[in-house]
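Asks: okay, structure incoming, though there's no sequence with it:
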């Protein structure tokens, strides 16, 4: 049995990952400060430490638990907040990540899987972005995520720490709750389910690559088991505009989607889509859930929670 650490394991992606890892026979330890994570999402079979990744507790936890694998998901994820307070964002997303990687190397972790960002790193694209394409971050959030990637790559060179950087597209699905780790699908589906009005920033032409949370969990587990270290795009390989997303929600709910328009927010890219050929070839990964199916499953979860 492998002992696995998930930072951010009470969050949207982290809690889904924890459930699956426990299901397939891993011993799971979770670190989360519960600021954006939810106590109710914690798997009762996981060991839980309520702390943050910048805490002095981290060194003691690593020394005590002796992890085989580390999934680093804890982050400051609000692009707007990173623009308002880049120093705080740097502390969490760059320096906090560096601490996790340093202790992973020191304690001989077999592999670190790091949840990075795809859409924010490549900037506005004219074709599906591949891993070797130019990095063009448009926000402090993206800059600090990229800094964390380079810190992890350096640990490979200095300490032979195996790793996988997963540059995630826009993730959605059950447990993505409004007010927490919430992207546009999470906000729109919550409002559609409750009959509340949504806000459309800009003219609705912005595109994103939306990937379902179960597919992300699968990519993370495949990365853990893979012999390869490197950077991998994890996305659906399809772009959908915000207006297209609204039409899909209306099709599923058979109701008019209510929204008001506001000016676009700073730091947001206009067009985002990822090429996942490398993950397909080296990890054996591909997205299995189409957008309409994923939104249906998300709305079903909202009705039953």
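Replies: Arrived safely. Quick caveat: nothing in here was measured; it's all calculated off a predicted structure.

Asks: can we go C-alpha only for contacts and neighbour counts from here?
Replies: Fine.

Asks: hmm, residue 51 is touching residue 30, no?
Replies: No. Residue 51 sits out of contact with residue 30 when judged by Cα atoms under 8 Å, with a separation of 9.7 Å.

Asks: of the two, which one has the most company?
Replies: Between residue 51 and residue 30, residue 30 has the larger neighbour count (other Cα atoms under 10 Å), namely 24 against 17.

Asks: so the more buried one lies in a strand, does it not?
Replies: Yes. The assignment for residue 30 is a strand, going by DSSP: H, G, I helix; E, B strand; the rest coil.

Asks: residue contacts, it?
Replies: By Cα atoms under 8 Å, 6 or more residues apart in numbering, the residues touching residue 30 are 5, 6, 7, 8, 9, 10, 46, 47, 48, 49.

Asks: low-confidence ranges in the stretch 101-250 of the chain?
Replies: Applying pLDDT under 70 to the stretch 101-250 of the chain flags residues 178-182.

Asks: identify the residues contacting the longest helix along the chain?
Replies: What stands out as the longest helix in the chain, according to DSSP state H, is helix 140-159. For helix 140-159, contacts defined as Cα under 8 Å, 6+ apart pick out 76-79, 82-83, 86, 89-90, 93-95, 97-98, 101-102, 105, 114, 116-117, 120-121, 137, 161-163, 165.

Asks: can you rerun that using 6 Å?
Replies: 79, 82, 86, 90, 93, 94, 97, 120, 121, 137, 161 (Cα atoms under 6 Å, 6 or more residues apart in numbering).

Asks: what's the closest of those to residue 245?
Replies: Of all the contacts of helix 140-159, residue 120 has the smallest distance to residue 245: 19.3 Å, by Cα to Cα.

Asks: what is the burial count for the closest one?
Replies: The burial count for residue 120: 28, using other Cα under 10 Å.
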